[in-house]
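Chemist: Structure of the sequence below:
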Amino acid sequence: METTSALGRGPTALAPGNKEKRTAFGARMLDCVSRAFDSVGTGPLMRDYIYWSLSLGMDDIVDRPERFMEALREVMGDAGATVYEYKLVEEIRKEFQLLRAPGKQPLTGERGPGGALRAVMTAAWMAC
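Modeler: The predicted model follows:
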């Protein structure tokens, strides 16, 4: 039987034995989300408003990053969401010590809204 990964793809990553890994991964990822909000100047009240207006739980951010980015675009606009996604990708790279190959450009925007985020989150899941 195949299950989906913490990011909605791949075999067996959400097998019962991975609950601790998923919990730790989710906590680290949410720290990255908060630091990225801080880095774009979003204060705690605005951050709470964004979470409330998105109607997404914290697990949804980890499980459905494309939906998270689409919802952010509705609240922050294209430019704000693009800057935020770039900052979030960089925070995840730092947190999980993911290095970009020399000469490679940032992932943001290469795969559509949230695609870069999913790519780096998948790499982070594999690294932890």
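Chemist: for this protein, longest helix please?
Modeler: helix 65-95 (DSSP state H).
Chemist: Output the contacting helices and strands for the very next helix or strand once past that helix.
Modeler: Counting by DSSP states H and E, the element after helix 65-95 in chain order, helix or strand, is helix 115-127. When contacts are defined as 3 or more Cβ pairs under 8 Å, 6 or more residues apart in numbering; DSSP states H and E, helix 115-127 packs onto helix 19-39, helix 65-95. In this view, the C-beta of every residue, glycine as well, is placed from N, C-alpha and C.
Chemist: Identify all contacting residues around the first one.
Modeler: Okay, so that is helix 19-39. The contact list for helix 19-39, computed with Cβ atoms under 8 Å, 6 or more residues apart in numbering, reads 6, 13-14, 46-47, 50, 58-59, 61-62, 84, 87-88, 90-92, 95-96, 121, 124-125, 128.
Chemist: Just the buried residues of the helix or strand just after that helix, please?
Modeler: Downstream of helix 19-39, the first helix or strand assigned by DSSP H and E is helix 44-54. Applying a neighbour-count criterion of 16 or more other Cβ atoms under 10 Å, one finds 50, 51, 54 buried in helix 44-54.
Chemist: again, but for stretch 67-77
Modeler: Residues 68, 69, 71, 72, 73, 76 are the ones in stretch 67-77 that count as buried (16+ other Cβ under 10 Å).
Chemist: okay, who's weakest in the residues you listed by pLDDT?
Modeler: Within the buried residues of stretch 67-77, residue 71 has the lowest pLDDT, namely 84.
Chemist: ok, that one to residue 21 distance?
Modeler: From residue 71 across to residue 21, the span is 26 Å (Cβ to Cβ, to the nearest Å).
Chemist: got it, and residue 96?
Modeler: Relative to residue 21, residue 96 is positioned 13 Å away (Cβ to Cβ).
Chemist: Can you work out which residues contact both of the two?
Modeler: Counting by Cβ under 8 Å, 6+ apart, the residues touching both residue 96 and residue 21 are residue 128.
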